[in-house]
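Novice: What would the 3D arrangement of this be:
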Amino acid sequence: MEIGKVIRTYRKKKELTQEEMASRLGVTTPAVNKWEKGVSQPDIGLLAPIARLLDISLDELLSFHEELSDEEINAIIKELDAKLETETYAAVFQWAENILHEYPNCNQLIWQVALVLDVGRMRRKAENTEQYAEPINRYYQMVLEDENPQVQKNAADSLFGFYVRKGEYDKAETYLQYFSEDDPIRKLKQAEIYRHKGMEADACKLYEQLLFSGYQILNQVLSVFYLFSMEKKDYVRAKAYLDKQSEMARTFEMGRYNEVSGYLDFAVSQKNVGETIQIIKEIMSSVETIEDYAKSFLFEHMGFRQVEQSFYDKIKRNLLDCFKNDESLAYMKGCEEWARILEGED
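Specialist: Below you'll find the model as predicted:
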């Protein structure tokens with residue numbers, strides 16, 4: 001890791017501005033700015049004064065310790081967990097800080113150590129651990145500047161929780177910008193903010209949106225598993241996936257149409273005339289339930305539009321047209337009941 005990034009990291013930790021650092025070292029502010037951007041490096045004669053000013057060793061300044069592997073990070077976290085079980089919090093915190101001084105550029109380690117210390121701090125209130133809240137917060141802030149979006153997101157997640165616990169909900173909300181607009185976790189956190197602020201209707205609407213989109217995603221996944229099973233001619237498993245889809249549609253109050261429509265493909269694959277007739281009858285008679293979810297208490301804050309009867313009539317006509325032109329239903333020819341269905345008589 002470049003020396004400029006080390007300087008920037010520890011300057012911020014010491015809460016020094018570039019101007020203050022430049023003044024103490026007898027250099028210009030643009031010089032410090034160039035160091036941190038990697039445009040230039042400090043003269044060799046300045047290395048010791050910089051290290052003393054930032055309260056780090058020359059090894060740390062020159063970044064002799066680079067990034068750690070996942071296995072190395074896990075080993076440190078495991079040791080940290082063990083120490084929290086047997087030693088005072090103050091002693092463990094000091095040990096952890098010494099480790100982080102050795103690896104000032106490993107943001108993944110910094111975040112994980114800060115997180116474990118934060119959780120440990122909340123469990124050890126009797127040891128007056130509140131004094132460690134701000135130092136831990138500064139570690140989160142350091143990690144927030146990482147170039148990796150996932151590492152940034154981890155830090156933002158921790159900072160969000162940090163300020164929610166303090167009751168500073170507006171501050172917590174600012175960290176949602178590190179989550180994409182479509183991220184369900186962002187919606188969960190936004191709903192949590194609304195709930196804490198007493199905005200129950202707004203919170204419920206977001207929770208319901210998550211519930212609705214969650215159903216759609218799960219339904220699509222089960223559909224893919226069904227297709228995989230059909231390709232392998234594993235009809236027992238394929239039927240089991242359809243049953244799960246049907247149960248889920250019933251649980252989420254999606255309407256009878258969504259409970260039964262998936263079975264049609266299975267009946268057609270088996271060329272089962274009787275079962276095909278039964279399922280198509282259920283499908284046609286339950287078209288008006290396609291949007292029953294709009295009437296469910298599960299989604300009462302989402303404000304679905306009202307659907308006219310003409311919408312359902314059109315779906316029925318389209319379904320009949322599809323049945324008439326679907327070559328995979330050729331095995332139904334000669335069935336009188338099927339002919340009546342196609343003519344709209346049944």
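
Novice: residue ranges for the helices of the stretch 151-300 of the chain, please.
Specialist: Using DSSP state H, counting those that start in this stretch, the helices of the stretch 151-300 of the chain run over 169-174, 184-196, 200-231, 235-251, 256-260, 263-269, 273-285.

Novice: Serialize those to CSV and add fields for mean pLDDT and mean neighbour count.
Specialist: In short, each C-beta sits where N, CA and C put it, glycine included. Shown next, in CSV, are those (pLDDT from 0 to 100; neighbours: other CB atoms under 10 Å):
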stretch, mean pLDDT, mean neighbour count
helix 169-174, 96, 15
helix 184-196, 96, 17
helix 200-231, 97, 15
helix 235-251, 97, 16
helix 256-260, 96, 21
helix 263-269, 95, 17
helix 273-285, 94, 17
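
Novice: can you list those in a markdown table and add distance to Asp81?
Specialist: Output for the helices of the stretch 151-300 of the chain, formatted as a markdown table (distance: least, CB to CB, whole Å):
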| stretch | distance to Asp81 |
| --- | --- |
| helix 169-174 | 27 |
| helix 184-196 | 25 |
| helix 200-231 | 32 |
| helix 235-251 | 38 |
| helix 256-260 | 47 |
| helix 263-269 | 50 |
| helix 273-285 | 55 |
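
Novice: Of the ones you listed, which is nearest Tyr331?
Specialist: Nearest to Tyr331, of all the helices of the stretch 151-300 of the chain, is helix 273-285, at 6.8 Å by CB to CB.

Novice: what residues does the helix or strand where Ala51 lies touch?
Specialist: If you go by DSSP states H and E, Ala51 is part of helix 47-54. Applying CB atoms under 8 Å, 6 or more residues apart in numbering, the contact partners of helix 47-54 are 7, 10-11, 13-14, 16, 21, 24-25, 42, 57-58, 60-62.

Novice: Number of residues surrounding the closest residue to Phe212 other than its chain neighbours?
Specialist: Spatial nearest neighbour of Phe212, excluding adjacent residues (CB to CB, 6 or more residues apart in numbering): Phe299 at 5.9 Å. Burial of Phe299 is recorded as 21 neighbouring residues (other CB atoms under 10 Å).

Novice: Likewise for Thr289?
Specialist: Residues contacting Thr289 under the criterion other CB under 10 Å number 18.

Novice: thinking it is in contact with Glu253, fair?
Specialist: No: using CB atoms under 8 Å, Thr289 makes no contact with Glu253, being 9.9 Å away.

Novice: ok, back up a step: tell me which of the helices of the stretch 151-300 of the chain sits nearest to Tyr163.
Specialist: Per CB to CB, nearest to Tyr163 of those: helix 169-174, 3.8 Å.

Novice: How far does the closest one sit from its chain's centre?
Specialist: Distance, stretch centre to chain centre, for helix 169-174: 18 Å (CA atoms, centre = their mean, to the nearest Å).

Novice: same check, this time on stretch 276-290
Specialist: With CA atoms, centre = their mean, you get 37 Å for stretch 276-290.

Novice: same thing with stretch 100-120?
Specialist: That offset, for stretch 100-120, works out to 22 Å (CA atoms, centre = their mean).

Novice: Alright, that wraps it up for me.
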